[in-house]
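A.B. asks: sequence first, then the predicted structure, then my questions.
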Amino acid sequence: MNKLIRYIYLFVLAIILLIVFASSNPFYNNFRPSPIISNLLVGILIVFPSILLLRKIKKEVNDKTYKKILIIISIITFILQIIIIRCIYFYTDWDVKTIREIIANNDFYHNYYLTKYPNTLFYAFLLKLYYSLPIIGKYYFPLLVFNALLVNISGVVTSLTVRRFTNNTKAIIAYIILIPLVLLSPWINIFYSDTLAILLPILIIYIYTKDNKKEIDYFLIGFLSILGYFIKPTVFIVFIAIIILTIIKFINKKLKLTLVQILTLIIGLVSALVLCKGSIYLLHFVPYKNTNSFGMIHYLAMGQNNTTFGLFDEKDVYESDKYGRKYDLDKAINRIKQRSIKEHLNFIEVKTLLNFNDGTFAWGYEGEKFYYEILSDNSSLSMFLRNYFYKDWKYNFIFKELMQIIWLLVLSLSLLAGIKDDKEKNSIIYLSIIGITLFLLIFECRTRYLYCYSPVFVAAALIGLNNLTNRKEEERKWIKYYI
């Protein structure tokens, strides 16, 4: 069964890479152009010398040195995160602005937005909790520092997870790859569900892959999964993957769960559910009269839109609001039925490009006025960093190209993670990536949803890199065969 999961993973990643590298779809090129060939060539110039260099490394980093290096680079990265935030932070519009204004006006009674989007309620509670803090709650900057800290910790946990799958050297490389792609990404300037939840998928995987799990580990898996669901529903994909793997192991008689372990898992799930529901209750939120919330059926209908290819569509929002879930379900089914085989393939191609072909995770594309109010000063460093990070500013093309190169390398190496590896531990990585890919293909199209799972992709990439750089002759014969 592990082989079957690995083969499905290989198929999914191969399709993604084939589309990203080979497609020249006119719809996508008009929407968000990307010079794939130049990225590929530059990527090859980076990756092959790097592989050769890694093969020359004979001395493995010991545990003590690994811990020192990880602590030092994580501290340096955190300092850089604070500097970047201080130089470019701003208020954005879209959902972030809407929820901020709701909290500022204490507008929870018969609130239309929160009624339609109940998945934002726990985020609203967390934001309100921060703004109610004495002294510090008056300022936006400390909130972003905390945001950056969460993202930084996700990098540390990713490194520790990769270490479990490979070795200390690859674990350090994992953190280094994450620095430009994720840890110093301008998304750290947006305190929203994407950054709030980024730690949870990789942390759940880290706990799950422990060799000798204790009762507290089962509690944490359940607790963090539900907590993640209330922050960012896609986090729950990892828990679903764990359930699938657990059922498979149980059927194959490779796993024996004690009653205590099952109970602690359930207690973790229920505890998080009570905590999150109780927190939302403290908002004193009262739904808008005669208004239904947007559920998964709404996002399914929007995700199958044949005109926008799953991107946000105002018409879909209006129709969902007016006609309800039965209409949405019928609309989703009809949209799927209306497509010919060729149109299905084109739909998958464009959606894959929209989801996976942007190393910035669609930075700057949300809302009508993404940089709603710039809060940083106009010092020379601030202006330089804004020109580099802000979409369509002077040096932003450099930022986009660099992130695209790194992201394409991560995706390419992720494929190699499944080439020759039947370890049971790896199946959780495979299933999580398959899950988020299917989610984005079926439901609403949002590139930034991948930001939360970027540490998981990097973990997969380092497993792939480990396969490439393994120095044991018997384990790299397949490389000679393919190259």
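C.D. replies: That came in fine, so what should we check first?
A.B. asks: any chance you could map the strands in the stretch 51-200 of the chain?
C.D. replies: Secondary structure of the stretch 51-200 of the chain, counting by DSSP state E, counting those that start in this stretch: strands at 90-91, 109-111.
A.B. asks: just name the most buried of the ones you listed.
C.D. replies: Here the criterion is mean neighbour count by mean count of other C-beta atoms under 10 Å, and of the strands of the stretch 51-200 of the chain the winner is strand 90-91, at a mean of 16. Just so you know, the C-beta spots here come from the backbone N, C-alpha and C atoms, and that holds for glycine as well.
A.B. asks: hang on, the earlier thing: what's the least confident stretch among the strands of the stretch 51-200 of the chain?
C.D. replies: Ranked by mean pLDDT, the strands of the stretch 51-200 of the chain end with strand 109-111 at the bottom, a mean of 75.
A.B. asks: that strand: partners in the sheet, and parallel or antiparallel?
C.D. replies: strand 286-287 (parallel) (DSSP bridges).
A.B. asks: please save the CA atoms from the following helix or strand past the strand it pairs with in PDB.
C.D. replies: Going down the chain from strand 286-287, the next helix or strand is helix 296-303, by DSSP states H and E. This file holds the C-alpha atoms of helix 296-303, laid out as PDB (Å, rounded to 0.1, in the frame of the first residue of the first chain):
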ATOM      1  CA  MET A 296     -17.700  23.800   1.100                       C
ATOM      2  CA  ILE A 297     -20.300  23.500  -1.700                       C
ATOM      3  CA  HIS A 298     -19.900  27.200  -2.400                       C
ATOM      4  CA  TYR A 299     -16.200  26.800  -2.800                       C
ATOM      5  CA  LEU A 300     -16.700  23.700  -4.900                       C
ATOM      6  CA  ALA A 301     -19.000  25.500  -7.300                       C
ATOM      7  CA  MET A 302     -16.500  28.400  -7.500                       C
ATOM      8  CA  GLY A 303     -13.600  26.000  -7.900                       C
END
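A.B. asks: need the contact partners of the helix or strand following helix 296-303.
C.D. replies: Next in sequence after helix 296-303, counting helices and strands by DSSP H and E, comes helix 314-323. The contact list for helix 314-323 (C-beta atoms under 8 Å, 6 or more residues apart in numbering) reads 116, 291, 294, 298, 301-302, 305, 327-328, 331.
A.B. asks: what angle do helix 314-323 and helix 296-303 make?
C.D. replies: Taking axes from the mean of the first three to the mean of the last three C-alpha atoms, to 10 degrees, helix 314-323 and helix 296-303 form an angle of 150 degrees between their directions.
A.B. asks: off-centre distance for helix 314-323?
C.D. replies: Mean-position distance between helix 314-323 and its chain equals 28 Å (C-alpha atoms, centre = their mean, to the nearest Å).
A.B. asks: cool, and stretch 234-241?
C.D. replies: The chain centre lies 12 Å from the centre of stretch 234-241; the measure is C-alpha atoms, centre = their mean.
A.B. asks: quick one: buried residues of that stretch?
C.D. replies: 234-239, 241 (16 or more other C-beta atoms under 10 Å).
A.B. asks: do the same with stretch 302-310
C.D. replies: By neighbour count on 16+ other C-beta under 10 Å, the buried set for stretch 302-310 is 302-305, 308-310.
A.B. asks: stretch 358-375 now?
C.D. replies: Across stretch 358-375, burial judged by 16+ other C-beta under 10 Å covers 358-366, 370-371.
A.B. asks: make TSV out of those and add pLDDT and distance to Thr195.
C.D. replies: Output for the buried residues of stretch 358-375, formatted as TSV (pLDDT from 0 to 100; distance: C-beta to C-beta, whole Å):
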residue	pLDDT	distance to Thr195
Asp358	88	17
Gly359	89	17
Thr360	92	14
Phe361	92	11
Ala362	89	14
Trp363	92	12
Gly364	89	16
Tyr365	87	16
Glu366	86	13
Phe370	90	16
Tyr371	91	17
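A.B. asks: now the two most distant members of those.
C.D. replies: Taking C-beta to C-beta as the measure, those span a maximum distance of 20.1 Å, between Gly359 and Tyr371.
A.B. asks: ok, back up a step: would you turn the strands of the stretch 51-200 of the chain into CSV with distance to Ile226?
C.D. replies: Shown next, in CSV, are those (distance: least, C-beta to C-beta, whole Å):
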stretch, distance to Ile226
strand 90-91, 31
strand 109-111, 24
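A.B. asks: out of the contacts of helix 314-323, which are buried?
C.D. replies: Neighbour-count burial (16+ other C-beta under 10 Å) is assigned, among these, to 116, 294, 298, 301-302, 305, 328, 331.
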